[in-house]
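# sharing a model prediction with you, sequence too.
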Amino acid sequence: QPKGVVGAISPWNVPLLLLVFKVARALAMGNCVIAKASEVTPQSATLLAEIIEEAGLPAGVFNLVHGFGA
């Protein structure tokens with residue numbers, strides 16, 4: 001069953017793979033996702049967001065945040 005909104009924080013090492021693992025599981029269960037990309041490797045997360053948008057996921061289901069965590 002969906003739990004609601006899931007926060008996913010991506011580390012700098014293997015950023016796309018680890019982010020996809022977190023996001024795919026959350027979306028498959030029917031949750032919305034707010035993902036925080038690593039400030040060191042933001043382009044891979046941006047690419048994932050573009051792919052998700054092209055796939056036709058409704059607006060607001062996957063959200064990407066960039067910036068420093070501090």
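Looks like it arrived, so ask away. Residues are numbered from 1 along each chain as shown.
# what sits against Lys22?
Val6, Ala8, Ser10, Val33, Ala35 (C-beta atoms under 8 Å, 6 or more residues apart in numbering). C-beta here means a position set from N, CA and C on the backbone, and glycine is covered the same way.
# beta partners of the fourth one?
In other words, Val33. Beta-bridge pairing for Val33 (DSSP bridges): Val6, Phe62.
# number of nearby residues for it?
The tally of other residues near Val33 (other C-beta atoms under 10 Å) stands at 21.
# shouldn't it be in contact with Arg25?
No: if you go by C-beta atoms under 8 Å, Val33 and Arg25 don't touch, sitting 9.7 Å apart.
# run through the residues that contact the residue nearest the centre of the chain.
Geometric centre of the chain, nearest residue: Ala35, 3.8 Å, by C-alpha atoms, centre = their mean. Contact analysis of Ala35 by C-beta under 8 Å, 6+ apart lists 7-10, 19, 22-23, 45, 48-49, 62-65.
# could you check how far it is from Ala28?
Separation of Ala35 from Ala28 (C-beta to C-beta, to the nearest Å) stands at 15 Å.
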